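Chemist: below is the sequence, then the predicted model.
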Amino acid sequence: MAKKRFNNYLKYATFKKELEAGNILPDSVSYIKEIRAIYTHGEYYGNGCISSVNGGTGEVSAELLPNVFHVFGEVSVLNVTFGKGFPGIANEYMFQFSSGVTPTVLNLPEGVKWIGSSVVRANRTYQVSILNNIAVMGGAL
């Protein structure tokens, strides 16, 4: 891909691939629609909006983007890591998943502490919010 001064990307994964390949100039401006953020000079700048992305089903490993609500279907195992946060703003990692007949095995990055219970029960849908490595989770039938 030719290096350009202004870039538009629909998906964060495409942007990340191009960045890691060195196809984005250090002083260029890139807009990433999926996370509604601008990237320039090695920093991300968000607009304060929360977008939603579908994260899949089954056994899933996912890098969560900050300030994006990730929605997973029924997952047996959910391995979560955190993507790079934006400077100067609160970076919240949010997701939802459904647990089937067998409770979902949920694995979060080391160092995350829980407010309340971290027990996942069968046949429930959960929402999790993690801010400053502190997680809170609620489930509904």
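Modeler: The structure has been received and is ready for your questions.
Chemist: backbone dihedrals for residue 20, please?
Modeler: Phi and psi for residue 20, reported as degrees, to the nearest 10, are phi -70, psi -30.
Chemist: ugh, typo on my part, it should be residue 64
Modeler: According to degrees, to the nearest 10, residue 64 has phi -80, psi 140.
Chemist: is the nearest residue to it once chain neighbours are set aside bridged to anything, and to what?
Modeler: Among residues not flanking residue 64 along the chain, residue 93 sits closest, at 4.5 Å (Cβ to Cβ, 6 or more residues apart in numbering). Every C-beta, even on glycine, is put in place using the N, C-alpha and C of the backbone. Judged by DSSP bridges, the bridge partners of residue 93 are residue 130.
Chemist: what's the pLDDT at residue 93?
Modeler: We have a pLDDT of 95 for residue 93.
Chemist: that one against residue 130, yeah?
Modeler: Yes - between residue 93 and residue 130 there is a contact under Cβ atoms under 8 Å: 4.4 Å.
Chemist: between the two, which is the more surrounded one?
Modeler: Of the pair residue 93 and residue 130, residue 93 is the one with more neighbours under other Cβ atoms under 10 Å, namely 26 against 23.
Chemist: quick one: that one and residue 136, what's the gap?
Modeler: 12 Å (Cβ to Cβ, to the nearest Å).
Chemist: overlap in contacts, the two.
Modeler: 129, 130 (Cβ atoms under 8 Å, 6 or more residues apart in numbering).
Chemist: and the strands in the chain?
Modeler: Under the criterion DSSP state E, strands of the chain are mapped to 6-9, 29-32, 37-40, 43-46, 51-64, 68-82, 92-99, 105-107, 113-115, 124-131, 134-140.
Chemist: residue 15: which of the ones you listed is closest?
Modeler: Comparing the strands of the chain by their distance to residue 15 (Cβ to Cβ), the top pick is strand 6-9, with 4.0 Å.
Chemist: what mean pLDDT does that closest one get?
Modeler: Computed over strand 6-9, the average pLDDT equals 89.
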